[in-house]
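Asks: Everything below, folded, please.
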Amino acid sequence: MDDKTRFEHPGFLPVNDAMLTRESWKIFQIMAEFVEGFERLARIKPSVSIFGSARTGPEHPWYRLTVDIARALSDAGFSVVSGGGPGIMEAANKGAQEGKSLSIGLNIQLPHEQSSNPYQDIGLNFRHFFSRKVMFVKYAAAYVVMPGGFGTLDELAEILTLVQTGKTRRIPIILVHAPFWQGLVDWLRDTLVPEGTIDAADLDLFRILDTPDAVIEAIFDHYEQRGFEPSEEETRIMLDL
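Replies: Purely as a prediction, here's the structure:
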């Protein structure tokens, strides 16, 4: 079947040539996002990625808690990476700037809700969620997940899947504020494990903690015997992230 016949087949929709060209050239925009991200973030190690709701205002206890956690991480020598927007993301960048280490924001262009916060030493802008997600994982020594909505759950599911499947190295994944997360954990344990969709051991991929000191201690405990740099084997695996 030649190209003309193939694209006139009833199973194929007609393609506007200009749109097809635009889609094909989109790959260069995607490549540019990856290249800039790799070049600007490769030197920030060790770093910790913090996630949480964009809708949490400065008056909320979760905002203040995030500031305290981020400042503690920054003072401990970790660059702090957030989504660069308002809410918990802003709190993470604010706390990082109050500390000794870098504050990084990975901003995403959205029709609503996302606007860059002013507390970023390094700010990158992304059009595509998938390239932004890679940057969150690529150089992270730990994930700290504050209360949030669909976006936060998406990032949590992403890192759990990557670690579970061996596509990235095992890092501390810390859920903060037990009252918020306990219902989800109960569902994972009482529904997914019995149904066989995850293993009981998968529940050990994350921890629930409540204070800045506990978060810092958990991260240092994880790396006490091995150091923060990926091993040679982990580096090889992460090239295919």
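Asks: show me where this structure has helices.
Replies: 3-8, 17-41, 61-75, 88-98, 129-138, 150-164, 178-187, 193-195, 212-223, 232-238 (DSSP state H).
Asks: what's the nearest residue to the residue nearest the centre of the chain if we skip its chain neighbours?
Replies: The residue lying closest to the centre of the chain (C-alpha atoms, centre = their mean) is residue 136, at 4.0 Å. Closest residue to residue 136 apart from its sequence neighbours, by C-beta to C-beta, 6 or more residues apart in numbering: residue 49 at 4.8 Å. From N, CA and C alone the C-beta is placed, and that goes for glycine too.
Asks: List the contacts of that neighbour.
Replies: Neighbouring residues of residue 49 by C-beta atoms under 8 Å, 6 or more residues apart in numbering: 81, 82, 136, 137, 140, 142, 143, 144, 155.
Asks: Distance-wise, check it relative to residue 232.
Replies: As judged by C-beta to C-beta, to the nearest Å, residue 49 and residue 232 stand 23 Å apart.
Asks: cool, residue 120 as well?
Replies: Note on residue 120: its distance to residue 232, by C-beta to C-beta, is 33 Å.
Asks: same deal with residue 102?
Replies: 26 Å.
Asks: so where's this structure shaky on pLDDT?
Replies: Filtered on pLDDT under 70, the chain yields the residue ranges 1-15, 112-114.
Asks: With distance to residue 109 as extra columns, can I get the helices of the chain in CSV?
Replies: Shown next, in CSV, are the helices of the chain (distance: least, C-beta to C-beta, whole Å):
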stretch, distance to residue 109
helix 3-8, 32
helix 17-41, 11
helix 61-75, 23
helix 88-98, 15
helix 129-138, 10
helix 150-164, 14
helix 178-187, 28
helix 193-195, 38
helix 212-223, 30
helix 232-238, 27
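Asks: Pull the contacting residues for the closest residue to residue 156 other than its chain neighbours.
Replies: Closest residue to residue 156 apart from its sequence neighbours, by C-beta to C-beta, 6+ apart: residue 145 at 5.2 Å. Counting by C-beta under 8 Å, 6+ apart, residue 145 makes contact with 50, 51, 52, 152, 155, 156, 173, 174, 175, 176.
Asks: surely the first one meets residue 81?
Replies: Yes. With the criterion set as C-beta atoms under 8 Å, residue 50 and residue 81 qualify as a contacting pair; they are 7.1 Å apart.
Asks: of residue 102 and residue 232, who's got more company?
Replies: Remark: of residue 102 and residue 232, residue 102 carries more neighbours, 20 against 8, as counted by other C-beta atoms under 10 Å.
Asks: and the residue lying closest to that one once chain neighbours are set aside, how many residues sit next to it?
Replies: Nearest-residue entry for residue 102: residue 79, 4.2 Å, with adjacent residues in sequence omitted and distances by C-beta to C-beta, 6+ apart. Applying other C-beta under 10 Å, we find 25 residues neighbouring residue 79.
Asks: for residue 20, same thing?
Replies: The number of residues packed near residue 20 is 10, by other C-beta under 10 Å.
Asks: ok, it to residue 48 distance?
Replies: 42 Å.
Asks: for residue 60, same thing?
Replies: For residue 60, the distance to residue 48 - C-beta to C-beta - is 21 Å.
Asks: Thanks again, I'm all set now.
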